[in-house]
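Peer 1: my questions are about this predicted structure, shown below with the sequence.
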Amino acid sequence: MSKITHEQSREIYELASSPKNKLSNIALGKKFGISELAVRYHIKKWESKLHEISKTNVKIARAIANHTVDVCGEAVSIISAVKAAIQDAKSSGVSPEKLAPLYSNWIKSLELASELLGDLDRSPTINIQVYQQFNDFMKIILKEVNDADRVRIIEKLRQKAIY
């Protein structure tokens with residue numbers, strides 16, 4: 001039996017869990033020079049890491065959805081939990097693709113905390129299409145009125161910073 005590195009252990013798990021995998025655990029063991037029992041050990045090891053990440057994601061989702069909690073306190077707690085889970089998963093060698101949900105939750109938590117603290121402005125943005133339609137409408141109206149009324153309308157619109 002040969003000693004399996006951290007990277008090989010992850011490779012065993014990824015091969016075993018891949019839908020494209022056609023190898024049995026015995027065949028995987030032969031490929032890496034280990035027993036079937038050792039292959040199962042490496043699969044379980046990585047599954048438990050992913051299970052921990054999954055539990056953290058569930059806790060985070062519940063905390064974000066629960067409006068009866070202290071939102072600022074929970075946001076800080078969530079940010080800390082996600083950051084710790086990311087660090088733990090990275091140090092365990094979990095592939096970056098599998099960390100994407102944690103990063104997504106971390107970003108949502110940071111946005112929530114920033115919004116609550118007033119650092120993030122979620123005010124609506126101007127819809128350029130509506131602005132263009134308004135300008136087209138005003139051009140039609142201004143063509144239909146006499147010069148004196150046109151000047152008066154434009155002046156009033158400028159006072160309101162609309163035109």
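Peer 2: Ah, there it is.

Peer 1: so the residue most central in space within the chain: helix, strand or coil?
Peer 2: Using C-alpha atoms, centre = their mean, the residue of the chain that lies closest to the mean C-alpha position is residue 104, 2.2 Å off. Following DSSP: H, G, I helix; E, B strand; the rest coil, residue 104 is assigned to helix.

Peer 1: for the chain, which residues score under the pLDDT cut-off?
Peer 2: Within the chain, the stretches falling below the threshold (pLDDT under 70) are 1-2, 63-72, 96, 117, 119-131, 161-163.

Peer 1: helices along that one, start to end?
Peer 2: Applying DSSP state H to the chain gives helices spanning 6-17, 25-32, 36-65, 71-92, 96-116, 128-144, 147-159.

Peer 1: quick one, the second one and helix 36-65 angle?
Peer 2: Think helix 25-32. 100 degrees (axes from the mean of the first three to the mean of the last three C-alpha atoms, to 10 degrees).

Peer 1: hey, C-alpha coordinates of helix 25-32 in CSV?
Peer 2: The C-alpha coordinates for helix 25-32 follow below in CSV (Å, rounded to 0.1, in the frame of the first residue of the first chain):
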residue,chain,number,x,y,z
ASN,A,25,-14.0,1.3,-5.8
ILE,A,26,-11.8,-1.7,-6.3
ALA,A,27,-10.6,-0.3,-9.7
LEU,A,28,-9.9,3.1,-8.1
GLY,A,29,-8.0,1.4,-5.3
LYS,A,30,-5.8,-0.4,-7.9
LYS,A,31,-5.2,2.9,-9.7
PHE,A,32,-3.9,4.5,-6.5
